[in-house]
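Colleague: Sequence first, then the predicted structure:
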Amino acid sequence: MPSLGGTGLSSAEAAHRLLLTGANVVPRPRPISPVRLLAVQFTHFFAMLLWGAAALALVAGMPELAVAAVVVVAINGVFAFVQEYRADRAGHALLELVPARATVVRDGRRRSVPAEDVVVGDLLVLEAGDGVSADGRVVVTAGLAVDESLLTGESTAAHRDVGDVVRTGTFVMEGEAEVEVEATGLGTQFADVVRLARRARRPPSPLAVRLRRVVHVVAGVALAAGGTFFAVSWALGMPLSDGFLFAVGVTVALVPEGLLPTVTLSLARGAQRMAQRDALVRHLESVETMGSTTVVCTDKTGTLTRNEMSVVEVWTPQGSASVVGHGYAPTARVTVSDDAAASAVREVALAAARCSTGRAVRSAERWTTHGDPMEVALHVLSLRTGVALEREEVDRPLRRRLPFDARRRRMSVVAGDRVYVKGATDSVLPLTDDDGAAADAVARLTERGLRVLAVASRAVRPGDEDGAVSAVETDLHLLGLVGLDDPVRDDAPAAVAACRAAGVMLVMVTGDHRGTAAHVAREVGLSRDGAPLVEGADLPADDRRLAELVDHDGAVFARVTPEDKVRIARALRARGHVVAMTGDGVNDGPALREADVGIAMGRSGSDVAREAADLILLDDNFATIVDAVELGRSTFSNIRKFLTYHLTDNVAELTPFLVWAVSAGQVPLALTVLQVLALDIGADLLPALALGAEPPDRTVMRRGPLTGELVDRRLLGRVFGVLGPAEAVVEMAAFLAVLGAAGWALGVEPSAPVLATASGAAFTAVVLGQLANAFACRSERSWVGALPVLGNRLLLVAVAVDVVLLGLFLSPLLAGVLGGSPPSEVGWAVAVLAPVAVLVADTAEKAWARRGRGRTEVPGGLSPARAPASPRRVRHAGRPAPRPQR
Ligand SMILES: Nc1ncnc2c1ncn2[C@@H]1O[C@H](COP(=O)(O)OP(=O)(O)OP(=O)(O)O)[C@@H](O)[C@H]1O
């Protein structure tokens with residue numbers, strides 16, 4: 001397509017300049033330096049506590065404890081480091097996938113080039129929705145307005161005239177322009193902003209806040225346990241230094257230092273899996289939010305339909321024509337109702353093509369397209385109807401273009417002595433001499449699911465070239481209507497059904513005609529009997545009434561403006577929904593930010609929408625949203641799985657200390673501090689990681705949305721009421737059985753070898769119990785026998801490693817250091833009951849939970865309601881939860 005203004009640089013000159021000045025890139029915020037990251041892991045509060053403990057232990061003459069403490073710091077530190085580092089890397093790698101391109105004029109023609117190839121002197125072509133990729137000065141403009149909020153924080157669109165400066169990192173909200181580039185890459189003002197931003201810290205995400213709360217509660221319990229231990233030992237007259245060291249040991253063992261990085265890693269893994277399915281996550285925590293989504297507000301074109309448009313019917317007051325063609329090739333069968341209609345149809349085709357910004361171009365046997373598919377379809381129509389477009393373009397040169405915007409819903413050009421207008425029927429028809437005849441045609445065409453545009457024209461008048469838009473788009477003569485077909489995507493009906501089965505509500509929000517919208521909604525199965533079909537203009541002004549209206553599965557909102565979209569998202573959130581909303585338009589940014597998850601289109605969407613989004617669909621496909629919901633849910637449930645596993649272990653570790661304290665030292669300690677550490681950093685580590693990697697659970701999409709807290713009553717109940725006690729009871733039983741067999745009585749100090757054998761038995765019971773627990777935690781609802789044995793190979797490896805570790809811990813090599821020797825026969829006999837106890841308790845609890853669910857129909861198996869995450873989100877307990885389908 002020829003340029004509006006100058007001829008730009010030659011390709012050779014641009015290549016030369018690129019070599020001289022380097023690529024137009026602003027360095028992204030650098031990943032955290034590995035050295036710093038590692039240093040942080042060794043100096044945080046808990047690590048410092050351990051360093052202190054190690055020093056004290058050395059002074060107190062307990063070198064084993066000192067070594068153990070250092071080993072704990074080292075293993076934990078390295079473990080946390082590896083995970084955080086990998087998660088950070090993964091996040092950066094994902095960002096790199098977002099393509100950045102720019103349109104420049106080279107050799108007198110417009111070309112799309114990678115944004116990093118833009119050089120000083122280039123003529124940069126900007127259209128509504130584009131991100132600006134270099135600093136420059138406006139040379140030609142048609143109503144250019146840019147959003148500079150990223151640079152200035154002001155989110156109003158600022159108009160730019162010829163000679164004004166446009167900056168990198170801003171977005172075009174309206175109009176078009178050609179800009180001569182003055183600075184690229186590090187020379188731009190944006191580079192300074194990035195430098196500043198690097199120094200600023202990001203606020204923690206809601207998920208991080210919730211997790212930190214969990215960690216703090218557990219750490220609080222750990223500190224309290226340590227304190228109690230210290231107090232009791234002091235009361236019993238133990239040496240203070242010993243009491244202190246044990247207290248520190250207990251505390252440190254119970255603190256879940258590795259939890260946060262493991263969660264981050266889980267999210268990063270979820271994000272990577274999403275990327276494999278063409279959904280790019282821009283903020284890690286959106287992985288989890290996707291899983292909690294209760295309503296998806298989807299647009300139509302490109303998401304539910306293929307965005308492969310073709311004009312199939314042209315209506316004029318004189319008669320109509322049907323067009324049957326294939327792809328974008330100009331050959332097609334055009335059937336005209338009568339001869340009089342033929343020239344009227346050509347007139348419509350010509351006017352529509354003059355107004356179009358797209359082109360189909362023949363290159364090497366193939367027709368390739370440039371621009372928006374709808375615009376291309378109009379150009380193709382002119383080819384198919386044999387209109388002499390090129391001659392017309394010479395005879396009537398383009399003098400002005402009034403670009404499309406989603407509020408006017410039309411666009412116009414002033415060409416030679418004519419004004420041509422095309423746009424949504426309800427936006428254009430009132431401006432024309434239409435006598436009402438078009439209304440029937442509109443109804444007929446939209447009922448078939450076609451997108452209908454009205455095309456109008458008039459003779460040019462003085463002032464049209466620079467007058468107000470409203471003065472140009474008036475007193476028009478209606479030429480006719482074009483009906484565009486955009487087939488529904490093949491996989492859309494199945495994806496819609498999957499969403500429904502998953503208990504996620506669906507709402508269509510489109511700028512298109514209600515007839516077209518309703519047809520497509522029916523075709524993909526989104527419509528529901530009795531669900532509202534409302535136009536944006538008819539939305540109630542009252543927020544409460546709006547909230548009641550929008551909270552309907554299958555609702556269709558047509559002819560909505562970007563402002564309507566914001567109101568719809570807000571209303572749904574006010575009803576307690578977690579809202580995912582798609583948007584691709586220039587003005588969709590606010591709606592995407594208002595939604596809990598803003599979803600932008602990677603292919604057809606505007607840069608502005610992508611910048612505002614949390615999730616980018618690389619394939620623009622609705623089915624990908626459903627995939628993202630599924631992955632979000634399985635990531636969330638994996639996090640709960642390893643939390644359950646880890647906390648259960650804590651119960652078993654804490655019990656001996658509680659029993660010791662409660663019995664005022666009459667019952668000896670069943671586990672040594674070093675054994676607790678061995679459990680925490682040795683046996684627990686791999687199974688916890690393996691649970692985080694549990695493959696996506698297919699049943700998650702047959703249940704309702706996960707609207708529970710990460711740690712809810714069910715999880716706490718399982719840990720502290722079922723799994724933990726089952727493990728702890730057998731642990732203490734094994735310990736006491738060995739002591740009892742050796743003739744021990746309450747209050748008597750057992751001999752050292754007897755104590756070592758007994759605590760070896762307790763230790764073995766916990767390790768074995770945890771092995772069974774790892775399998776129990778694989779699902780929150782199915783008992784172990786119902787899960788595929790090979791479903792999680794990593795877990796099998798982890799279990800094998802744990803068995804070897806157990807042998808090692810009990811071997812003469814380590815038994816002396818840890819303080820537990822291999823259990824006696826009695827010890828073994830009781831210890832092997834631990835897995836049995838865990839599995840029986842787990843199975844019983846799951847059966848009981850299933851019965852409870854059957855009674856109350858609570859979806860999800862998790863908590864039915866999500867606590868308000870922000871003051872804006874009001875929980876509505878009364879909202880009927882989607883029925884689970886099994
Ligand atoms: N380039 C254009 N020129 C003229 N009219 C247009 C143009 N693009 C869209 N329209 C008209 O404006 C209406 C609204 O368009 P808009 O792009 O806002 O819809 P949308 O919300 O993107 O639709 P969808 O939900 O189908 O993706 C369209 O139905 C069409 O009639």
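Modeller: Right, received. Where do you want to start? Residues are numbered from 1 along each chain as shown.
Colleague: need the contact list for the residue in the stretch 101-250 of the chain that the ligand sits nearest to.
Modeller: Residue nearest to the ligand within the stretch 101-250 of the chain (Cβ to the nearest ligand atom): residue 128, separated by 9.8 Å. To be clear about C-beta, it is placed using only N, CA and C from the backbone, and glycine gets the same treatment. Neighbour list for residue 128: 172-176, 403-405, 586, 606 [criterion: Cβ atoms under 8 Å, 6 or more residues apart in numbering].
Colleague: Try it again at 6 Å.
Modeller: The contact partners of residue 128, taken as Cβ atoms under 6 Å, 6 or more residues apart in numbering, are 172, 174, 403, 586.
Colleague: Show the overlap between the residues you listed and what lies near the ligand.
Modeller: With the criterion set as Cβ under 6 Å from any ligand atom, no member of those is near the ligand.
Colleague: can you pull up the bridge partners for the nearest residue in space to residue 399 that is not next to it in sequence?
Modeller: With sequence-adjacent residues excluded and distances taken as Cβ to Cβ, 6 or more residues apart in numbering, residue 399 is closest to residue 414, at 4.6 Å. Beta-bridge partners of residue 414, counted by DSSP bridges, are residue 400, residue 419.
Colleague: Does residue 414 touch residue 397 like I think?
Modeller: No - under the criterion of Cβ atoms under 6 Å, residue 414 makes no contact with residue 397, lying 10.0 Å away.
Colleague: Which one of the two is surrounded by more residues?
Modeller: residue 414 (21 against 9; other Cβ atoms under 10 Å).
Colleague: any idea how far residue 379 is from the more buried one?
Modeller: Per Cβ to Cβ, to the nearest Å, residue 414 is found 19 Å from residue 379.
Colleague: where does the residue nearest to residue 222 when sequence neighbours are not counted sit relative to the ligand, distance-wise?
Modeller: Using Cβ to Cβ, 6+ apart and skipping the chain neighbours, the partner closest in space to residue 222 is residue 254 (3.5 Å). In this view, residue 254 and the ligand are 53 Å apart by Cβ to the nearest ligand atom, to the nearest Å.
Colleague: Residue 254 touches residue 650, doesn't it?
Modeller: Yes - taking Cβ under 6 Å as the definition, residue 254 is a contact partner of residue 650 at 5.4 Å.
Colleague: Give me the phi and psi for the nearest residue to residue 58 once chain neighbours are set aside.
Modeller: Excluding its sequence neighbours, the residue lying closest to residue 58 (Cβ to Cβ, 6+ apart) is residue 66, at 4.5 Å. Residue 66 has phi and psi values of phi -60, psi -50 when expressed as degrees, to the nearest 10.
Colleague: With residue 81 instead?
Modeller: Torsion angles, degrees, to the nearest 10, at residue 81: phi -60, psi -50.
Colleague: quick one: it from residue 39, how far?
Modeller: Taking Cβ to Cβ, one finds residue 81 at 9 Å from residue 39.
Colleague: neighbour-wise, which of these two wins?
Modeller: Ranked by neighbour count (other Cβ under 10 Å), residue 81 and residue 39 place residue 81 first, with 18 against 13.
Colleague: Please list all residues in contact with the residue nearest to residue 399.
Modeller: Residue 414 is in contact with 399-400, 464-465, counting by Cβ under 6 Å, 6+ apart.
Colleague: could you redo the last one with a cut-off of 8 Å?
Modeller: 398-401, 460, 464-465, 472.
Colleague: Tally up the residues packed near residue 728, please.
Modeller: Residue 728: 26 neighbours (other Cβ under 10 Å).
Colleague: what about the closest residue to it other than its chain neighbours, how many residues close to it?
Modeller: Of all residues not flanking residue 728 in the chain, residue 655 sits nearest, at 4.0 Å (Cβ to Cβ, 6+ apart). Number of residues near residue 655 (other Cβ under 10 Å) recorded here: 22.
Colleague: can you check residue 359 too?
Modeller: 17.
Colleague: The one 5 residues further on too?
Modeller: Residue 364: 5 surrounding residues under other Cβ under 10 Å.
Colleague: Pull up the gap between it and residue 457, please.
Modeller: 36 Å.
Colleague: on that earlier part again, could you report the pLDDT at the residue nearest to residue 399?
Modeller: Per-residue pLDDT puts residue 414 at 93.
Colleague: do the one 10 residues further on as well
Modeller: If you check residue 424, the pLDDT there is 95.
Colleague: gap between the nearest residue to it once chain neighbours are set aside and residue 284?
Modeller: What sits nearest to residue 424 in space, not counting adjacent residues and going by Cβ to Cβ, 6+ apart, is residue 409, at 4.0 Å. In this view, residue 409 and residue 284 are 37 Å apart by Cβ to Cβ.
Colleague: Which helix or strand contains whichever residue of the stretch 451-600 of the chain sits closest to the ligand?
Modeller: Proximity of the stretch 451-600 of the chain to the ligand (Cβ to the nearest ligand atom) peaks at residue 511, 2.5 Å away. If you go by DSSP states H and E, residue 511 is not part of any helix or strand.
Colleague: okay but it is in contact with residue 410, surely?
Modeller: No - counting by Cβ atoms under 8 Å, residue 511 stays clear of residue 410, with 11.8 Å between them.
Colleague: any shared contact partners between these two?
Modeller: Counting by Cβ under 8 Å, 6+ apart, the shared contacts of residue 511 and residue 410 are residue 424.
Colleague: Phi first, then psi, for residue 12.
Modeller: With angles defined as degrees, to the nearest 10, residue 12 sits at phi -60, psi -40.
Colleague: Can you get me a residue count around it?
Modeller: Neighbour tally, residue 12, other Cβ under 10 Å: 10.
Colleague: and residue 665, what are its phi and psi?
Modeller: The phi/psi pair for residue 665 (degrees, to the nearest 10) reads phi 80, psi 0.
Colleague: separation between it and residue 748?
Modeller: With the distance defined as Cβ to Cβ, residue 665 ends up 11 Å from residue 748.
Colleague: what do you get for residue 660?
Modeller: Distance of residue 660 to residue 748, given as Cβ to Cβ: 14 Å.
Colleague: Report how many residues lie close to the closest residue to the residue of the stretch 101-250 of the chain closest to the ligand other than its chain neighbours.
Modeller: Counting by Cβ to Cβ, 6+ apart, the nearest residue to residue 128 once its immediate chain neighbours are dropped is residue 586, at 4.7 Å. Around residue 586 there are 27 other residues, counting by other Cβ under 10 Å.
Colleague: The one 5 residues further on now?
Modeller: By the criterion of other Cβ under 10 Å, residue 591 has 28 neighbours.
Colleague: and if you look at the one 4 residues further on?
Modeller: Here the number of neighbours of residue 595 (other Cβ under 10 Å) works out to 31.
Colleague: Quick check: phi and psi at it.
Modeller: The phi/psi pair for residue 595 (degrees, to the nearest 10) is phi -70, psi 160.
Colleague: Residue 665 and residue 748: which has the busier surroundings?
Modeller: residue 665 (17 against 11).
Colleague: What sits closest to the more buried one if chain neighbours are left out?
Modeller: Residue 665 sits nearest to residue 236 (Cβ to Cβ, 6+ apart), 4.8 Å away.
Colleague: What is the neighbour count of that neighbour?
Modeller: 12.
Colleague: surely it meets residue 663?
Modeller: No - using Cβ under 8 Å, residue 236 makes no contact with residue 663, being 10.7 Å away.
Colleague: Could you double-check that residue 17 sits in contact with residue 10?
Modeller: No - taking contacts as Cβ under 8 Å, residue 17 lies outside contact range of residue 10: 10.5 Å.
Colleague: center of this protein, which residue is that?
Modeller: residue 286 (3.5 Å; Cα atoms, centre = their mean).
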